[in-house]
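J.: A structural model of the following input is requested.
(4 chains)
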2 protein chains.
Amino acid sequence: MKIGDLAKRSGLTAHTIRYYERIGLLPYADRNQSRHRDYDASILTWIEFLGRLKTTGMPIRDMLRYAALREAGAGTEAERRALLERHRERVRAQVDELNACLLVLDTKIDGYVETEQRKTDDDAPEQNRIRGRRKPA
Amino acid sequence: MKIGDLAKRSGLTAHTIRYYERIGLLPYADRNQSRHRDYDASILTWIEFLGRLKTTGMPIRDMLRYAALREAGAGTEAERRALLERHRERVRAQVDELNACLLVLDTKIDGYVETEQRKTDDDAPEQNRIRGRRKPA
DNA sequence: TCTTGACTTAGAGCGCGCTCGAACCCGTAG
DNA sequence: CTACGGGTTCGAGCGCGCTCTAAGTCAAGA
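T.: Numbering: from 1, shown residues only, chains lettered A, B, ... in the order given. Now for the predicted structure:
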């Protein structure tokens, strides 16, 4: 598979793939007789996992650490596991924080809903106006 | 309240507070006779809300839009609400995505746990060795 | 044969969100 | 009076993660 195909299938650009190889996030790819990169489909699995790490906010320097352990092969599993477990905790905390923010957003949005409701009440004819914040049942 | 106090209470640096004012994220602050910024405690509520928007990944240009509507005052509630509702949807999607990533992380970590278990089994004396991936019950 | 288009490398540039430095101004404690 | 610990403005610089340009190579199709 050539870099353009891998780009299409991975969702990365060819530029980004070369950049990732340059910094060590992707292993140095085999080249064909034209010195073009020639990929095996298995690289997609790794790219997809990198995408998960990225989505969850792992900085590239940490991905590099993980990638280096992976390249090092057997004997690094315990450290890889520890790295992922630490990351998982951070992601869990992140989810909790986002959920807390969602509650705040809900409250804020509800406030605007009520503002609009008051406006609607004000616009209503005098004999139909109801005091208070909520629409009558 | 002076900028240093606000920095302590808000968790931002004085540099960042000035930067936020400069770009319009914070309203132009009153100055005292020494031309120093003089803040009212109420600004903390706004800064805290900005922090929520930031935590949830809203880019500054969108916060600026919201801040501008806020400054514009009454009559902009519907648009502010719409902006927050769109953002809420993005945050919900983000939480879903993170949870999906957490499942992948769990699987990956479980894989390493099993690797370590095999290693432990290999290290055990011959008569105690058990075939298979899982620790015996 | 010639053109097209995808590939190569090295290195510069960019958008974001700060972060910091320089030079200066003030008010207060010693 | 002086030193110090704030504050001020303006603008440059930085770390991140790409993103793009330039100049060249190569293979395949008209």
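
J.: use CA for all of it now, contacts and neighbours both
T.: OK.

J.: can you list the residues of chain A near DNA strand C?
T.: A:2-5, A:14, A:18, A:31, A:35-37 (Cα under 7 Å from any atom of the strand).

J.: Can you list the buried residues in stretch A:70-78?
T.: Residues of stretch A:70-78 classed as buried: A:77-78 (neighbour count, 16 or more other Cα atoms under 10 Å in any protein chain shown).

J.: Count the residues that sit near residue A:105.
T.: The tally of other residues near residue A:105 (other Cα atoms under 10 Å in any protein chain shown) stands at 21.

J.: between the helix or strand harbouring it and helix B:77-123, how big is the angle?
T.: Using DSSP states H and E, residue A:105 sits in helix A:77-123. Helix A:77-123 runs at 160 degrees relative to helix B:77-123, counting by axes from the mean of the first three to the mean of the last three Cα atoms, to 10 degrees.

J.: packing partners for helix A:77-123?
T.: helix A:60-72, helix B:43-55, helix B:77-123 (3 or more Cα pairs under 8 Å, 6 or more residues apart in numbering or on different chains; DSSP states H and E).

J.: quick one: which of these has the weakest pLDDT on average?
T.: Note on these: helix B:77-123 shows the lowest mean pLDDT, a mean of 93.

J.: so how far is it off the chain centroid?
T.: Taking the mean of its C-alpha atoms, helix B:77-123 sits 15 Å from the chain's own mean (Cα atoms, centre = their mean, to the nearest Å).

J.: again with stretch A:76-84
T.: On Cα atoms, centre = their mean, the centre of stretch A:76-84 falls 21 Å from the chain's centre.

J.: Can you tell me what sits against it?
T.: By Cα atoms under 8 Å, 6 or more residues apart in numbering or on different chains, the residues outside stretch A:76-84 that reach it are A:66, A:69-70, B:105, B:109, B:112-113, B:115-116.

J.: Now with 7 Å, please.
T.: A:66, A:69, B:109, B:112 (Cα atoms under 7 Å, 6 or more residues apart in numbering or on different chains).

J.: do stretch A:50-60 as well
T.: By Cα under 7 Å, 6+ apart, stretch A:50-60 touches A:91, B:98, B:101.

J.: Now the terminal residues of that stretch, how far apart.
T.: Distance across stretch A:50-60, first residue to last, is 9 Å (Cα to Cα, to the nearest Å).

J.: Show me which residues of that stretch are buried.
T.: Buried, per 16+ other Cα under 10 Å, within stretch A:50-60: A:50-53, A:56, A:58.

J.: now those residues in TSV, with distance to residue A:26?
T.: Formatted as TSV, those follow (distance: Cα to Cα, whole Å):
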residue	distance to residue A:26
A:50	9
A:51	12
A:52	15
A:53	14
A:56	19
A:58	16
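
J.: among those residues, which are in reach of DNA strand D?
T.: Within the buried residues of stretch A:50-60, those near DNA strand D by Cα under 7 Å from any atom of the strand are residue A:58.

J.: so which of the buried residues of stretch A:50-60 comes closest to DNA strand D?
T.: residue A:58 (6.5 Å; Cα to the nearest atom of the strand).

J.: Could you chop chain A up by domain?
T.: With domains defined by automatic domain parsing, chain A comprises A:1-57, A:88-137.

J.: is it possible to export these to CSV including distance to residue B:23?
T.: CSV is the format used below for the domains of chain A (distance: least, Cα to Cα, whole Å):
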stretch, distance to residue B:23
domain A:1-57, 26
domain A:88-137, 23
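
J.: Just the angle for the helix holding residue A:105 relative to helix B:43-55, thanks.
T.: 130 degrees.
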